[in-house]
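1. Got a sequence here, can you build the structure:
(chains A and B)
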Amino acid sequence: MKLLAWPLLFALAFSVSAEVTWKDRADATQLQEAGFIYAALDAQVRKLASEKTHESPDLELLEELVLKANVEALEDYNREELKRFPVAGVHFLLGREAWRKKQKAEAQRWLTTVPRWHRYYPEARLLLADLDGKNGSSHEEQCQESALKRAGEVQSPLLKRYYTVLAEDCMTMAPRRLYKEGKYTEALQGWGKVSKGAYKWPSLLLERAWGYYNVQDYNRTLGLLVTYKSPLLSSYSYPEAEVLTALAYFRLCLYDDALVVVDQYYNDYKPRTEALEALLKQHQNSQDYFYKLMVMSPAERGQLHPFVRQLATQVFHRPRFALDYASLQAVQGEHKRLKTARDALPAKHPARKWMGESLKQLAAVSTNLIGRINYHAKKDMFAFISQVYDLSEEMFKIKLEVISRKKDLVYGQKRLVADRGRGSFKQVKMTRFEEFWKFQGAFWADELGDYSFGLPSNCETVRRETEEAK
Amino acid sequence: MKTLIAILALSWAGTTTAAEERVIYEYKKYEKFDLGDLEVKGQLIAPGDLSVRERDRRRFELDLYNRAEFDDMTAHDINTLR
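-> Predicted coordinates for the structure are as follows:
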């Protein structure tokens, strides 16, 4: 929560608004000087919307306000009006919306106009890189380079984290693209470039595990996935990791091990999803329950079901939540100060009218932000449940296939070469950049991500008669 | 004349319905089987050992899960940025 303290400091710095002589009409420059950024933005958008042609200083002021308030503050305005403003921040908003609607040409049209110096340039390049798809482009590189540069420049820890995560997102685009093209070895090299200290590193373990699975290095797949069992990564919950573990055991013909993982999946996730489903059903129509869940004190959160707590913590650590929450605090602070300023004015002061309208707008922005946080948290939780159910079908298929293979052995009068193949160093594949660590009952932070199992494939079969003759 | 025939027909139909007997079917309410007393004629055969006739089974391999791409994860990353 320390990261989110800056908007409060920002608000306190401008708590001198009571001394301002307010104009009769809302003036964006005056409001900005008095520290009312969101109210100033509203005033400036309304002013520009009422004009047929726009002066450069007015557009520059709008750009400045968008950067200070964040682009989300523009989400309530009419898009046709916004399209008339030649402002990069507005173009970014329009481009991102077109990207969400999968309108490629429209998105590219807006996003390419965001200039290099702009705060949203790295994110615009990320969206363009995604739109480029399998061809790959210079956008990935531009995105990573500019995001890293900005991460080094900004002072706010919140923005530093935003740019760092953004740079990591750009970095992972290339390996994902290579994976999609079936170039698994190259993809693994790309993922290998992401340092262990990266925010995204824990989630990338799963992607790397898929890469190793597809080059048939099942031991490395299992080693990477066992990393999620370490206490350091206890807040990460990936049902897909369990499915991949079962698949890797299945490919090694360690059928009993695969079945143990399948059973564990059902035993672990059934009570968890039940607890989550009960919570979602109870509060599915609430406009702020999930928002409150995010901003609970650690003591209150401690009383929740451990799994719900874990999911809430995951959502809490996302940059989107941090940015939205910081904006919400800034808007609420501004609303409070503007109300104080209005109440201090004489009863018939002409500024009271526009201040009342601004207060309504600020209240609406605040409600929207709470609704947005609530919606995203709820959506993430619903998505998680849906994923658990989808993957449980995949687990069931693995179980059926194991039973089928076992039947084949029985009808073919065969059995596997060993009942349960165990590890050996000989089975560990390593490049010169990879390490091998023996697991001795404890996870060591520097070893995480370098584990590999050493299980021999058990897929060789022997005839039963031969065995019995011996 | 027509009226008279109609009245006669109606009165005849009424008398035939009344003349039908009311039939009540009763089912056996309780029946006892003494299973111990039952005898089955024939020869009892039990298998000496479990055996499976060796044969090739037709394989229907299921299409197991494999991730084709990470597009959903990329979309998720972008959507959770802001």
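2. going forward, measure contacts and count neighbours with C-alpha atoms only.
-> OK.
3. how much space between the residue in chain B positioned nearest to chain A and A:Ala322?
-> In chain B, no residue comes nearer to chain A than B:Arg82, which is 3.9 Å away by CA to the nearest CA. For B:Arg82, the distance to A:Ala322 equals 9 Å [CA to CA, to the nearest Å].
4. ok, these two, which is more surrounded?
-> Under the neighbour definition other CA atoms under 10 Å in any protein chain shown, B:Arg82 and A:Ala322 were set side by side, and A:Ala322 has more, 23 against 17.
5. Am I right that the more buried one falls within a helix?
-> Yes. Using DSSP: H, G, I helix; E, B strand; the rest coil, the assignment for A:Ala322 is a helix.
6. surely it meets A:Leu158?
-> Yes. With contact defined as CA atoms under 8 Å, A:Ala322 counts as touching A:Leu158 (7.3 Å).
7. pLDDT on whichever helix or strand A:Gln142 is part of, on average?
-> Using DSSP states H and E, A:Gln142 sits in helix A:138-153. Averaged over helix A:138-153, pLDDT sits at 93.
8. Quick check, pLDDT for the closest residue to A:Tyr199 other than its chain neighbours.
-> Residue nearest to A:Tyr199 in three dimensions, not counting chain neighbours: A:Val165, with 6.4 Å by CA to CA, 6 or more residues apart in numbering or on different chains. We have a pLDDT of 93 for A:Val165.
9. and A:Val165, what does it touch?
-> A:Ala198, A:Tyr199, A:Lys200, A:Pro319, B:Leu81 (CA atoms under 8 Å, 6 or more residues apart in numbering or on different chains).
10. Tell me which stretches of chain A form strands.
-> Under the criterion DSSP state E, strands of chain A are mapped to A:414-416, A:461-463.
11. Out of these, which is closest to A:Ala363?
-> A:Ala363 lies closest, by CA to CA, to one member of these: strand A:414-416, at 68.8 Å.
12. Can you give the strand pairings for the closest one, parallel or anti for each?
-> The strands that strand A:414-416 pairs with in its sheet are strand A:461-463 (antiparallel) (by DSSP bridges).
13. Now do the partner strand, average pLDDT.
-> 70.
14. Do a quick rundown of the helices in chain B.
-> B:2-19, B:71-79 (DSSP state H).
15. among those, which gets the worst mean confidence?
-> helix B:2-19 (a mean of 65).
16. Reformat the strands of chain A as JSON lines; add mean neighbour count.
-> Below are the strands of chain A laid out as JSON lines (neighbours: other CA atoms under 10 Å in any protein chain shown):
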{"stretch": "strand A:414-416", "mean neighbour count": "19"}
{"stretch": "strand A:461-463", "mean neighbour count": "14"}
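17. can you redo these as JSON lines with distance to A:Met171?
-> Listed next are these as JSON lines, based on distance: least, CA to CA, whole Å:
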{"stretch": "strand A:414-416", "distance to A:Met171": "43"}
{"stretch": "strand A:461-463", "distance to A:Met171": "44"}
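18. Nearest to A:Arg405 among those strands would be which one?
-> Per CA to CA, nearest to A:Arg405 of the strands of chain A: strand A:414-416, 10.4 Å.
19. Identify the residues contacting A:Tyr179.
-> A:Glu186, A:Ala187, A:Gly211, B:Ala68, B:Glu69.
20. Next one, pLDDT for the last one please.
-> Same thing as B:Glu69. So B:Glu69 comes in at 94 (pLDDT).
21. again, but for the first one
-> A:Glu186 carries a pLDDT value of 95.
22. burial measure for the residue nearest to it when sequence neighbours are not counted, as a count.
-> Spatial nearest neighbour of A:Glu186, chain neighbours left out: A:Leu178 (6.7 Å); criterion: CA to CA, 6+ apart. When counting by other CA under 10 Å, one arrives at 19 neighbours for A:Leu178.
23. Am I right that A:Leu178 is in contact with A:Tyr184?
-> Yes. Counting by CA under 8 Å, A:Leu178 does reach A:Tyr184; the two are 6.7 Å apart.
24. So among the contacts of A:Tyr179, which ones count as buried?
-> Among these, the ones that count as buried by 16 or more other CA atoms under 10 Å in any protein chain shown are A:Ala187, A:Gly211, B:Glu69.
25. Adding distance to A:Arg463, write those out as JSON lines.
-> Converted to JSON lines, these look like this (distance: CA to CA, whole Å):
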{"residue": "A:Ala187", "distance to A:Arg463": "41"}
{"residue": "A:Gly211", "distance to A:Arg463": "34"}
{"residue": "B:Glu69", "distance to A:Arg463": "40"}
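26. Which one of these is nearest to A:Pro86?
-> B:Glu69 (37.0 Å).
27. Would you agree that closest one is in contact with A:Arg176?
-> Yes. Using CA under 8 Å, B:Glu69 is in contact with A:Arg176, at 6.9 Å.
28. Now the residue in the stretch 151-300 of chain A that chain B sits nearest to: closest residue in space, sequence neighbours ignored.
-> With CA to the nearest CA as the measure, A:Lys180 is the residue of the stretch 151-300 of chain A nearest to chain B, at 4.8 Å. The shortest distance from A:Lys180 to any non-neighbouring residue, by CA to CA, 6+ apart, is to B:Glu69 (4.8 Å).
29. who's in contact with the one you found?
-> Contacts of B:Glu69 by CA under 8 Å, 6+ apart are A:Arg176, A:Arg177, A:Tyr179, A:Lys180.
30. Next, give me the two most distant ones among the residues you listed.
-> A:Arg176 and A:Lys180 (6.2 Å).
31. Point out where the stretch 351-470 of chain A drops to low pLDDT.
-> A:417-428, A:430, A:432-446, A:464-470 (pLDDT under 70).
32. how about a cut-off of 80?
-> Where the stretch 351-470 of chain A drops to pLDDT under 80, the residues are A:410-470.
33. Spell out which residues belonging to it are near chain B, please.
-> A:Glu394, A:Lys397, A:Ile398, A:Glu401, A:Asp408, A:Val410, A:Tyr411, A:Gly412, A:Gln413 (CA under 8 Å from any CA of the partner chain).
34. Let me have those residues in a markdown table, adding neighbour count and distance to B:Val40 as columns.
-> A markdown table is the format used below for those (neighbours: other CA atoms under 10 Å in any protein chain shown; distance: CA to CA, whole Å):
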| residue | neighbour count | distance to B:Val40 |
| --- | --- | --- |
| A:Glu394 | 20 | 49 |
| A:Lys397 | 17 | 45 |
| A:Ile398 | 24 | 46 |
| A:Glu401 | 19 | 43 |
| A:Asp408 | 19 | 39 |
| A:Val410 | 17 | 35 |
| A:Tyr411 | 16 | 35 |
| A:Gly412 | 17 | 38 |
| A:Gln413 | 18 | 37 |
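35. Would you confirm that A:Leu204 contacts A:Trp191?
-> Yes. Using CA under 8 Å, A:Leu204 is in contact with A:Trp191, at 7.4 Å.
36. So if I had to pick from the two, which one is more boxed in?
-> Using other CA under 10 Å as the criterion, A:Leu204 and A:Trp191 rank with A:Trp191 on top: 21 against 18.
37. list the contacts for A:Leu159?
-> A:Leu159 touches A:Ala151, counting by CA under 8 Å, 6+ apart.
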